[in-house]
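Asks: What shape does this take:
(2 chains)
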Number of protein chains: 2
Amino acid sequence: MEQGIRRQSEEDPTIPIIYVVTPTYHRPEMAAELTRLGQTLLLVPRVHWILAEDSKTCSQVLSDFLEKLGLPFTHIASPMPDIYRKLSQAPRGVSNRRAALQWVRDHGADNGVLYFLDDDNAIDIRLFEEMRDTRKVSMWPVGLIGLYSVSSPVLNDDGVVVGFYDAWPAGRKFQVDMAGFAVNVEYLRKQRKASMPYIAGHEEDGFLKSLRITLPDIEVKANRCTEILVWHTRTTKNPLRTLNLTKHKSDNIKELAHNMKKWSVINLRLSPTFFRR
Amino acid sequence: MEQGIRRQSEEDPTIPIIYVVTPTYHRPEMAAELTRLGQTLLLVPRVHWILAEDSKTCSQVLSDFLEKLGLPFTHIASPMPDIYRKLSQAPRGVSNRRAALQWVRDHGADNGVLYFLDDDNAIDIRLFEEMRDTRKVSMWPVGLIGLYSVSSPVLNDDGVVVGFYDAWPAGRKFQVDMAGFAVNVEYLRKQRKASMPYIAGHEEDGFLKSLRITLPDIEVKANRCTEILVWHTRTTKNPLRTLNLTKHKSDNIKELAHNMKKWSVINLRLSPTFFRR
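Replies: Model prediction:
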């Protein structure tokens, strides 16, 4: 399967790198989601994937997965602080996105671009070329969001952003989904206080406000915000089931279940010694 | 974005073609699903994508999508017969899969391989290389299925299939998901009566029985059925919402909504003349 794998050495080093930040956490769908998204990124030149786990340590299964995939990557772990975990509306994915932000500040190329992309979203790879020349902050519509089935900037006749078409209740300056914008790395670095707040539902708005942009600053993409190139798809959750393998002590199902447990697809009722060989 | 697009002329014509049959239908997630899956197939050499709509005619939006994507493809439409639509458990995707089966019988290369892959499934592209040398019928585990979170053949010590690990109630000879097997085209063609029944939940079993294979005939893949390389992911459904655009008669949201309606993401409350220019 060499054909699909990008060869970094053949890439044009003058093309700005896109730093794709994907928060993730262990659950039954994780392997499917990361396989699907990681393969999509293989189609895009000059991408650096920052996989940011909501956990204390980088899990071995994801380190191995990233090594095999063949993309340039950084693997980060940063758990949600305990004080937020107790909230009914916990700000998920903030601690790990903040850790990724710090990595991009410290290591990103000046002409690079930061983009947040959740592991269950779907993206048309043409969007990466749209965002690649971002000078400050660029934006575009995101499909399958809220009561309008979309969230998008609204433009005036001159193509300047004058507001947002988004069904979220008023109260946010930037009515934008996390997948709906990209930020130039040099511009990000200049905004020394820029950060993402631990407030569920206000992560995007708070971060964009901290970047000190005005509506006319926003660079509009996706054919003047008339096309959807990224969708806030959500994958149906499966329960974490506990399997009993007493009937399969000596066949392939034992090893299959071992691999499933490693990927957090299932739990096992068996003692760890069951898997010693 | 030429980099990711496969160049058919560069492909080795001796490699067997995989005919990937994907049933689909219009709903808000369709654009996201087909974009995501179509891009994944771009990573695989020697694939021919058969997109089979559950409708009377091939929709223009999907014909245009397929033309742009750059994969070799066939676009088929075949609706579920009305007598089945009334059933509480309607056999969805059978009529269009049967039409695709007929196309493969009529046009497929003898050494080719038939594979059914739903548009919301997730697949590791290494699975295509596993199935490419199928001589009769090959099988492997499918993740995120039923109460065991997996459906897999069970092998004996000699690597021969002796049964299935699958939580579905007994009564099927082949306890297999649609994404869990592939069929050699020449072998399919020799089974003149092979077909898929219009019985919900028994499509796979009925089709595999009609192929007249025995359990020992099954060629096992994915490291002796110990690894999951395809997942029965399901995407959360969004309601088909009707938008009122009276406040957006002259901005980008009008054209954005027009594109969304074309892709069946939304309905519009407006008269068709609203969109004449």
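Asks: and the helix or strand of chain A with the lowest mean pLDDT, how far from the chain's centre?
Replies: Using mean pLDDT, DSSP states H and E, the weakest-scoring helix or strand in chain A turns out to be helix A:82-85, at a mean of 89. Average the C-alpha atoms of helix A:82-85, do the same for its chain, and the two points are 21 Å apart (CA atoms, centre = their mean, to the nearest Å).
Asks: which of the residues in it are buried?
Replies: Going by neighbour count (16 or more other CB atoms under 10 Å in any protein chain shown), the buried part of helix A:82-85 is A:Y84. For every residue, glycine as well, the C-beta is placed using N, CA and C.
Asks: So what touches it?
Replies: Here helix A:82-85 makes contact (CB atoms under 8 Å, 6 or more residues apart in numbering or on different chains) with A:90-91, A:94, A:198.
Asks: Between those, which sits nearest chain B?
Replies: Nearest to chain B, judged by CB to the nearest CB, of these is A:A90 at 19.9 Å.
Asks: any idea which helix or strand carries that closest one?
Replies: According to DSSP states H and E, A:A90 maps onto no helix or strand at all.
Asks: residues contacting it?
Replies: Each residue near A:A90 by CB under 8 Å, 6+ apart is listed here: A:80, A:84, A:200.
Asks: Next one: it from A:T22, what distance?
Replies: 19 Å (CB to CB, to the nearest Å).
Asks: chain center to stretch A:192-212: distance?
Replies: Centroid separation for stretch A:192-212 versus its chain: 16 Å, with CA atoms, centre = their mean.
Asks: Buried residues, it. List them.
Replies: A:194-198, A:202-208, A:211.
Asks: Tell me the buried residues in stretch A:62-75?
Replies: Applying a neighbour-count criterion of 16+ other CB under 10 Å, one finds A:62, A:65-66, A:69-75 buried in stretch A:62-75.
Asks: Out of those residues, name the ones that lie in helices.
Replies: In this view, the buried residues of stretch A:62-75 that belong to helices under DSSP state H are A:62, A:65-66, A:69.
Asks: ok, of those, which one's closest to B:I228?
Replies: Closest approach to B:I228 among those (CB to CB): A:F65, at 12.8 Å.
Asks: Can you tell me which of the contacts of A:A90 lies closest to B:D133?
Replies: Ranked by distance to B:D133 (CB to CB), the contacts of A:A90 are led by A:M80 at 46.6 Å.
Asks: thinking the closest one is in contact with A:P91, fair?
Replies: Yes - using CB atoms under 8 Å, A:M80 makes contact with A:P91 at a distance of 7.3 Å.
Asks: Pick the one among the contacts of A:A90 closest to chain B.
Replies: A:A200 (19.0 Å).
Asks: Over to the nearest residue to the closest one once chain neighbours are set aside: give its phi and psi.
Replies: Computed as CB to CB, 6 or more residues apart in numbering or on different chains, the closest residue to A:A200 that is not its neighbour in sequence is A:Q89, at 4.0 Å. Torsion angles at A:Q89 (phi, psi; degrees, to the nearest 10) stand at phi -110, psi 80.
Asks: rewinding a little: the buried residues of stretch A:192-212: which two are farthest apart?
Replies: Farthest apart among the buried residues of stretch A:192-212 by CB to CB are A:Y198 and A:L211. That separation is 17.3 Å.
Asks: Give me the below-cutoff pLDDT ranges for the stretch 151-277 of chain A.
Replies: For the stretch 151-277 of chain A, applying pLDDT under 70 flags the ranges A:270-277.
Asks: Find the closest residue to chain B in it.
Replies: A:W231 (3.7 Å).
Asks: What is the burial count for that residue?
Replies: Residues lying near A:W231 (other CB atoms under 10 Å in any protein chain shown) number 30.
Asks: Quick check: it touching A:L117?
Replies: No - counting by CB under 8 Å, A:W231 does not reach A:L117; the two are 11.2 Å apart.
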